[in-house]
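> Following is a predicted model, sequence given first.
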Amino acid sequence: MSRSRENRQMMQINQPLGIDECNCNAMRKASRQITRLYDAHLAPTGLRITQFLTLAALNEVGSAGINALAERLDIERTAMGKMVGFLERDGLIRLRPSPTDGRSRLIELTEKGRRLHKEAAPLWRDAQRQFAQLNGAKNVAELRKGLQQMVVGDMAATSSDD
């Protein structure tokens with residue numbers, strides 16, 4: 001290796017990484033801030049945004065297997081399993097055997113879960129409105145479209161803090 005190449009490599013190693021330029025850090029930081037906004041709006045119901053979205057997904061489809069629900073919300077399966085356990089404990093969902101495959105179980109809202117989803121939906125809409133007011137409706141629409149177009153390869157959800 002030439003001396004000048006070694007010097008360039010040493011200079012690169014000694015330079016700070018510049019975490020403010022890290023795409024992942026910027027996305028995680030924004031995600032946490034947005035999550036806090038939605039959680040604050042949903043607080044009167046006792047739901048967090050991930051719980052609300054699970055109830056909303058079940059409200060849309062009627063019932064779903066845990067893998068399908070985890071995939072729909074891009075949440076790691078074990079994290080979804082834990083959330084399902086809490087929602088079931090609180091009487092918001094129930095599990096029943098699949099009519100087509102007795103080995104698998106389907107998740108569905110209970111009447112209490114439907115009522116809580118209905119109570120929380122206007123609060124979620126308020127969070128949507130506030131986020132749009134703070135950031136501009138056009139910017140929010142472009143952000144959502146841009147995020148849907150992000151490509152990171154074929155990465156399965158494996159993080160435990162999804």
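Noted; the coordinates are in hand. Numbers count the residues shown, from 1 in each chain.
> what separates stretch 56-70 from the chain centre, distance-wise?
With Cα atoms, centre = their mean, to the nearest Å as the basis, stretch 56-70 stands 14 Å off its chain's centre.
> buried set for it?
For stretch 56-70, a neighbour-count test (16 or more other Cβ atoms under 10 Å) marks 56, 58, 63, 64, 66, 68, 69, 70 as buried. In short, each C-beta sits where N, CA and C put it, glycine included.
> Output those residues as JSON lines; include the columns distance to residue 120 and pLDDT.
As requested, the buried residues of stretch 56-70 are exported to JSON lines (distance: Cβ to Cβ, whole Å; pLDDT from 0 to 100):
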{"residue": "56", "distance to residue 120": "8", "pLDDT": "98"}
{"residue": "58", "distance to residue 120": "13", "pLDDT": "97"}
{"residue": "63", "distance to residue 120": "19", "pLDDT": "94"}
{"residue": "64", "distance to residue 120": "19", "pLDDT": "95"}
{"residue": "66", "distance to residue 120": "22", "pLDDT": "92"}
{"residue": "68", "distance to residue 120": "22", "pLDDT": "93"}
{"residue": "69", "distance to residue 120": "18", "pLDDT": "95"}
{"residue": "70", "distance to residue 120": "21", "pLDDT": "94"}
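> Just give me the neighbour total for residue 83.
22 (other Cβ atoms under 10 Å).
> Helix, strand, or coil at it?
helix (DSSP: H, G, I helix; E, B strand; the rest coil).
> Among the buried residues of stretch 56-70, name the ones in helices.
In helices, defined here by DSSP state H, the members of those are 56, 58, 66, 68, 69, 70.
> For this protein, give me the ranges with low pLDDT.
Within the chain, the ranges that satisfy pLDDT under 70 run 1, 10-13, 155-162.
> May I see the buried residues of stretch 127-138?
Residues 127, 131 are the ones in stretch 127-138 that count as buried (16+ other Cβ under 10 Å).
> ignore the last one, stretch 42-56
Those buried within stretch 42-56 under the rule 16+ other Cβ under 10 Å are 42, 45, 47, 49, 50, 51, 52, 53, 54, 55, 56.
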